[in-house]
Each structure stands twice: as C-alpha cells, then as structure tokens.
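Participant: I need the structure of the sequence given here:
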Amino acid sequence: MPKNIKLLLTENVEALGIVGDVVNVRTGFARNFLLPRNMATQPSEEKIQALAAKRADAQRLLAEQRRERESLIGKLQNIELTLIRSCNDQGVLYGSITQQDVSAALNELGHAVKPRDVRITQVMKRVDKYEVHIKLDSDLDATIRVIVQADRKLETDRHEHEDRHAQPQGAAPADAAEGAEAHAKPEAPAKTADAPEGEKKAKAPKKDKPAKAAATEAPAEKKTGWGKVVDKPVDLIPPPRARRGRDR
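Facilitator: Numbering: from 1, shown residues only. As a prediction, this is how the structure comes out:
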C-alpha cells in the first residue's frame, strides 16, 4: 500500500486546502479522517467540474475573510489589554495566563481572535507587563501588550508608597536636628601642650615595689630529717670524734 494518496477535497480543510483542490495526503490521514467525514473523494474530471461552483463560493469567502483579518490586525497593533488576577503578596498568580484568557479578553473588546491565534512565548504567572503575538495568517500578525494586575493592593506596593511619601517629610527634621547640633556643639578646648606647667596634672606616684623576700624574711631554721626544728644549745653538742688511724 502506498504511503501517500491523491484526493479531491469536497470541503474546506484548514491548513490543507479549499473545496475542489486535489491534494496529496498520507494514507492513514485519508482513511481515518478525510474519507470517513466525506471531506474528500477520489479525483475525476466530472467531480472537479461538479465542484467548480462550490469552489468559486469558497474563494469569495476566503477573500472576504482576508479583508476582515487585515482590518483586525490593524486594530490590534500596539493595543494594551489589562487582566485582573488573584495573587499572593509577592505578586505570583495562582494560575498562569493562557491563550484562552487572552482570546476571551479580546473578544470582550470586540476583536474576534481565536485561542489558536494567540502566541504566548513566555510564562505569564506574575503581576507584570508582557508582549503577546496574534498571528492570523502567515503574513498577518500583530503584537499586543498584556498588563497583569492584582485584584488587591499588594504589601510591596504599600511599602513603596509609604516610603515615597515619608522621605520628603523626614528630610526637614533631619536637617533641623543637624543644624541644632552644630550650634550646640562647644568649642574645642586648647591643646594641653600650650598650658602652663603648673596646670599640668601631676602624674600619679609610682607604687613602691615590695622588697625582695630574701631581704625581709628571717633565715630559715635548720630542721632535722623529720622536719623538726633543732633547739639544742651549742654546748650540749658533743665534739667530733677523732679518727683512730690518725691518733696512732
């Protein structure tokens, strides 16, 4: 079985062709989608002639759609779209902005844009400003600006607002305090080097160093081997014995 097959379109098929076109498609696509829905048939001269009138109507419809799309692209150029969403105190949304959200908002403003025509190139999940592309055809596209705002006043915005208003009021008292401090500051005293010698403070006398323990302490008493002090008088000490060898 061949991979591709030629068929005659009996209906307009997006991204494939209009009625009366002979197209070359995959066999599986033809058997599973086109033929079961009666959107195509086997081509022949009789069938092509029978679809000529229907093809002319389709061409007029396509030309009208082209003019409408060109007009829509002109209206969408540089348009600003505001979306209000719930978020936390840091400005992070509880759900990302999708193609359906942008399409629904544009349709509320009277611009017929389908979700498939919306091209989102980045994640839109914060309170911020984004650029979104609208592509209606290969050569028809526009860039819109989507502003995502919080549904309440965020804490960060509140702090910035308070700081902005507090700075001008707090600047005046600060300057006044600096001026008062400058006037109240006494003059610096004269250098001590220029003062007379009599006015100089006397240095604190140095403390006398303690005398050496050896000079003040009494000589240590002689002690026996058991640590008792010897109190015998000198007269009671027996004289030393003479050696026998020398006496002989």
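
Participant: return the helix or strand in the chain with minimum mean pLDDT.
Facilitator: helix 213-216 (a mean of 46; mean pLDDT, DSSP states H and E).

Participant: break this protein down into its domains, please.
Facilitator: 4-50, 73-150 (automatic domain parsing).

Participant: with mean pLDDT, distance to Ala63 and mean neighbour count as extra columns, can I get the ones you listed in CSV?
Facilitator: All C-beta spots, glycine's among them, are computed from the backbone N, C-alpha and C. CSV is the format used below for these (pLDDT from 0 to 100; distance: least, CB to CB, whole Å; neighbours: other CB atoms under 10 Å):
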stretch, mean pLDDT, distance to Ala63, mean neighbour count
domain 4-50, 95, 11, 15
domain 73-150, 93, 13, 15
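
Participant: beta-bridge partners for Arg26, please?
Facilitator: Asn4 (DSSP bridges).

Participant: mind listing what it touches?
Facilitator: Taking CB atoms under 8 Å, 6 or more residues apart in numbering as the criterion, Arg26 is in contact with Lys3, Asn4, Ile5.

Participant: switch to 10 Å and redo it
Facilitator: Contacts of Arg26 were listed using CB atoms under 10 Å, 6 or more residues apart in numbering, and they are Pro2, Lys3, Asn4, Ile5, Asn32, Phe33, Leu34.

Participant: with respect to Lys125, which of these is nearest?
Facilitator: Phe33 (35.9 Å; CB to CB).

Participant: which SS class is that closest one?
Facilitator: On the three-state scheme (DSSP: H, G, I helix; E, B strand; the rest coil), Phe33 is labelled helix.

Participant: distance check, it against Ile79.
Facilitator: From Phe33 across to Ile79, the span is 37 Å (CB to CB, to the nearest Å).

Participant: just the helices in this structure please.
Facilitator: 27-29, 45-50, 52-76, 99-108, 155-184, 213-216, 244-247 (DSSP state H).

Participant: list the buried residues in the third one.
Facilitator: Within helix 52-76, the residues that count as buried by 16 or more other CB atoms under 10 Å are Arg55, Ala58, Leu72, Ile73, Leu76.

Participant: now the two most distant members of these.
Facilitator: Most distant of those, by CB to CB, are Arg55 and Leu76, 30.9 Å apart.

Participant: can you pull the contacts of Val113?
Facilitator: 72, 76, 99, 102-107, 134-136, 142, 144.

Participant: got it, and Glu70?
Facilitator: Taking CB under 10 Å, 6+ apart as the test, what Glu70 contacts is Leu136, Asp137, Asp139, Leu140.

Participant: and the longest strand for the protein?
Facilitator: strand 140-150 (DSSP state E).

Participant: okay, now the sheet partners of it, with direction.
Facilitator: Strand pairing (DSSP bridges) places strand 140-150 next to strand 80-85 (parallel), strand 129-137 (antiparallel).

Participant: contact partners of the first one?
Facilitator: Spelled out, it's strand 80-85. 93-97, 101-102, 104-106, 108-109, 111, 124-127, 129-130, 132, 144-152.

Participant: let's go with 6 Å and repeat that
Facilitator: The contact list for strand 80-85 (CB atoms under 6 Å, 6 or more residues apart in numbering) reads Leu93, Ala105, Ile144, Arg145, Val146, Ile147, Val148, Gln149, Asp151.
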